[in-house]
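**Q** Starting from these lines, generate the structure:
(chains A and B)
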Amino acid sequence: MFLHNFKYELLSSLRTKDMIFWLMIFPIILGTLFKIAFADIYEKTTAFSSIPTAVVEVQENEIFHSVIETLEEEEDPLLSVTYTDEEDALKLLQSGEVEGIIYLDGTLSLTVAEEGMEETILKSFVEQYTVQNKIIIDTAASAQDPTQAKAVIAALSEEISTCTDIPLTDGNPDNMVQYFYNLIAMVALYGAITGLHVTINAQANLSALGARKTCSPTPKSVSLTAGLLGSYLIQTLCMVICVTFIAFILKVNLGSRLPLVYLAAILGGITGVSLGFFVGALNLFRVELKMGISIAVIMLLCFLSGLMVGNMKAIIAQKMPWFNKINPAAVISDSFYCLNIDSGYDRFIQKIITMLIISVTFTALGVLVTRRKKYASL
Amino acid sequence: MQVFNAFIKVLKKKLPGSIIYVVVFLVIAFPMAMNTANDVDIFEADRLSICIFDEDDTKESRALSACIGKNHDLVELENNRNAITDALYYETVDYVLIINKGYSKRLADTQEQKLFSSYHMHDSYGTVFMEQFLNEYVSAVRAHIAGGAELFAAIQSTEEALSQETKVTYANFLHDDTNTDYPTNFSYFFQYMPYILISVLMHSLCPVLLAMNRKDIRFRTNCSSVKPNAYMVQIFAGSTFFIIGIWTIFIIAGLFMYGGLYQGKAWLAVLNSFLFALVSAAITIFISSFEPSQNFINLMTQVIGLGMSFLCGIFVPQSLLGDGVLAAARFLPAYWYVRANDMLAGKEVYDGTQFAAFLAIEAAFAVVLALLTLLIRRLKYSGANLLKVRF
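**A** Next up, the predicted model:
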């Protein structure tokens, strides 16, 4: 009897168009759009690359030339310089091919098209040159010993590196990937739709199928267990499709521990199903309303986890850090983040345990609400 | 008016969903658009969020922290690797600097090694900028020491030298004075509007058109005394009433965000949005002419709404999208809407002829979609097809 129920739970789930759409097609569409839109953002806005700059020499400046040559010999040069006349420089600036124009006259001046980090670095570069000139002039004027002036120039000319980097991660630092973490979390929580169907199909006051099941000789424990396990299996399939599509078709770098990403995604899916199972068991609303409320709540949880606004989770972490620890969407997406960024497993295990606790709690509550229900009249 | 009344009656049932879309959009748009601080002429350098762990804690190290704090925002973080990693990953902090113990002594001895450490996530612009600043700072202090100054005097002279600012000018092709009519922040309100217009119209209008076009209702209407042309005019009037109603709500809400009656270029943005409302309506009527199921409408709403928003630069600026994406986006109306809006907001050089061309392309999309809809309806509901349905 268990296998019979289990088989038909699988079949009916696979024939539910809502489920196919929200759990399989929608994530594929959204994932593809994320990939198209976010593919170049990290490279263009966050990761450093040489700043294209036009230089207009109103007056020839040998020292500046040598500074630029030295700069360009470096492995990752600060600037990528094009020497040109003013007219062409403005054309380059207008078309966005350069970020700014440095004018070499008696002094250095800068023209930009907009504000931004690249422009700020250019300003700082021009100022650095001006500051060094001022220091040389000031110290030369005040120095009593002529060798001091030479020492000043030597100190300013020396290439120094004052800062040692402490690497934080070997993972993928591209924070645009967190949109995909949240997408997987959203699919996992949409498992609530399958979970809802389990209780709706088991309760006589909610569906005709439920009424038929209630008067059948199959014990409720058997049909509910079969329904739940069938939903877990279907959700697992959806999660595997989702992660595979993101990792192998869209080729998003989810880190080096992909098997654990699958594990976390599957567990997230089970959390989603459990959530839906509990909401479905409540005797509070109509079926359509339950479905609407579930999707709205899931979207809100995903919004607070950063599905629509990338740094929302960080904002919540500053204002209400406790909420990220209990928001299932944040917990699921954090598990992927921890796998990618952390070298150890401490935080990942915490997230997995949280997912297990949420799943067990909602399943137990769902069973408690559903058990021993009798229908004298419908 | 019977068809029109029936249309409005069905529409009323679909309104709650639309109202949710409209309210959520306005709630999100208000704070964005109200922040209209617009600085046209004065260049302001980006301020980084920097966390400093001062392990040296001497007057020299405190002087450096204060010097950094003049141009950047100093933030506090828990000195814990996970907290630092999270802050750098989510960019709540741009740079985490450690002033190493023994900093002042090494600086006095003009040693450059082990002065600072920084937690490193990746080579970002912020990291490069700060490392450049720290090297410049130390270099300047060493130069002053080489010139015979004492350590603290050298630090003070360095701070004085660093406080000079280079004047940065804007190339005048983007920053003209007329841009004050349509501030950049306010332009985001119009930038996001296409997503909401498409979502609301497809979510509400499609089911209404489908209901009015349901086989049994269509047959009943066909055999009634209402002439086909009168029927179409009333359906068209009902749709127009709804489209203009929704669009007017946005435009009136925009007046509050703008702080009064629209001026200059803002009126062109209103015209641009009106044309896009027509395009959205044309898309909706075109989709509904295929008589799709509710599931298919849901799918198409997401595909068209999100697809156009991501591909055409509504959610992500066009300047950040790849060339291939933009080449494909040219075949979508929202691309031209965003180009026009960017031009008004000063992100592109304003050219009246080009702007008019963008509007003409949007209008052309609406006209082509309307013609296609008429063609499909003619093919679908021609006498032969109706007979097929009857038998």
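**Q** What sits closest to B:L134 if chain neighbours are left out?
**A** Of all residues not flanking B:L134 in the chain, A:T162 sits nearest, at 5.1 Å (CB to CB, 6 or more residues apart in numbering or on different chains). Placement of C-beta: from N, CA and C, glycine included.
**Q** make that B:A230, sorry
**A** B:V3 is the one closest to B:A230 (CB to CB, 6+ apart), at 7.6 Å.
**Q** That neighbour against B:S225, yeah?
**A** No. If you go by CB atoms under 8 Å, B:V3 and B:S225 don't touch, sitting 11.7 Å apart.
**Q** Looking at the two, which one has more neighbours?
**A** B:V3 (19 against 6; other CB atoms under 10 Å in any protein chain shown).
**Q** On the three-state scheme, that one is what?
**A** Here B:V3 is helix, with the state taken from DSSP: H, G, I helix; E, B strand; the rest coil.
**Q** Would you mind naming what in the stretch 201-350 of chain A lies close to chain B?
**A** Neighbours of chain B within the stretch 201-350 of chain A, by CB under 8 Å from any CB of the partner chain: A:G310, A:N311, A:K313, A:A314, A:A317, A:Q318, A:Y337, A:I341, A:D342, A:R347.
**Q** Between those residues, which sits nearest chain B?
**A** A:A314 (3.6 Å; CB to the nearest CB).
**Q** Would you mark the buried spots in the helix or strand that closest one falls within?
**A** With elements taken from DSSP states H and E, the one containing A:A314 is helix A:312-319. For helix A:312-319, a neighbour-count test (16 or more other CB atoms under 10 Å in any protein chain shown) marks A:M312, A:K313, A:A314, A:I316, A:A317 as buried.
**Q** Nearest residue to the middle of chain B?
**A** The centroid of chain B falls nearest to B:F315 when counting by CA atoms, centre = their mean (4.7 Å).
**Q** residues touching that one, list them.
**A** Taking CB atoms under 8 Å, 6 or more residues apart in numbering or on different chains, we find B:F315 in contact with A:A37, B:Y192, B:Y195, B:S309.
**Q** thought the residue nearest to B:L134 was touching B:N135?
**A** Yes. With contact defined as CB under 8 Å, A:T162 counts as touching B:N135 (5.6 Å).
**Q** phi, psi of A:T82?
**A** Note on A:T82: its backbone torsions stand at phi -120, psi 120 [degrees, to the nearest 10].
**Q** actually A:D165, not the one I typed
**A** With angles defined as degrees, to the nearest 10, A:D165 sits at phi -80, psi 140.
**Q** which non-adjacent residue is nearest it?
**A** B:H120 (3.8 Å).
**Q** Could you pull up phi and psi at that neighbour?
**A** The phi and psi values for B:H120, taken as degrees, to the nearest 10, are phi -120, psi 120.
**Q** Show the contacting residues for it.
**A** A:D165, A:I166, A:P167, A:L168, B:T127.
**Q** repeat for A:M291
**A** A:I193, A:L196.
**Q** Name the helix or strand for it, please.
**A** Per DSSP H and E: helix A:287-305 holds A:M291.
**Q** residues touching residue 317, list them.
**A** As the question left the chain open, I've gone with chain A. Counted by CB under 8 Å, 6+ apart, A:A317 has contacts A:N324, B:D86, B:Y90.
**Q** Oops, wrong one, chain B.
**A** B:K347.
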